[in-house]
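*Asks:* Coordinates only, no sequence provided:
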């Protein structure tokens, strides 16, 4: 899939303390047609030695439960969107 020049737009963010998962709306071109898709990113916020806020994708052991929660919430959001967008005859959750 080839990306277009449009910028990703954050759709929703789930946060548990310093851990967050963000849903991003993306646009791309596939087989000559413009398409839309969603990706998920996660990060941990922290203050550096100078007191400035930074982010990282590296997690500490105590971050793992919070990461699981925010990623589960992101997954629930996406799967429920898929479920509610399906025609009535096809209302099943594919896992």
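*Replies:* Alright, I've got the coordinates. Small disclaimer: the values here were computed from a predicted structure and weren't measured. Numbering: from 1, shown residues only.
*Asks:* The longest strand along the chain pairs with which strands, parallel or anti?
*Replies:* For the chain, the strand that runs over the most residues, judged by DSSP state E, is strand 33-47. Paired strands of strand 33-47, with direction, are strand 19-30 (antiparallel), strand 53-56 (antiparallel) (DSSP bridges).
*Asks:* Just give me the lowest mean pLDDT stretch among these.
*Replies:* Ranked by mean pLDDT, the strands paired with strand 33-47 bottom out at strand 19-30, which scores a mean of 92.
*Asks:* Name the nearest residue to the residue most central in space within the chain, sequence neighbours excluded.
*Replies:* Geometric centre of the chain, nearest residue: residue 40, 2.2 Å, by C-alpha atoms, centre = their mean. Spatial nearest neighbour of residue 40, chain neighbours left out: residue 74 (4.9 Å); criterion: C-beta to C-beta, 6 or more residues apart in numbering. In short, each C-beta sits where N, CA and C put it, glycine included.
*Asks:* Give the burial count for that neighbour, as a bare number.
*Replies:* Neighbouring residues of residue 74 were enumerated by other C-beta atoms under 10 Å; the total is 21.
*Asks:* for it, helix, strand, or coil?
*Replies:* Reducing the assignment at residue 74 to three states with DSSP: H, G, I helix; E, B strand; the rest coil gives helix.
*Asks:* which residues does it contact?
*Replies:* Contacts of residue 74 were listed using C-beta atoms under 8 Å, 6 or more residues apart in numbering, and they are 12, 14, 21, 23, 40.
*Asks:* Pick out the one among those with the largest number of neighbours.
*Replies:* Greatest neighbour count in the contacts of residue 74, by other C-beta under 10 Å, goes to residue 21: 23 neighbours.
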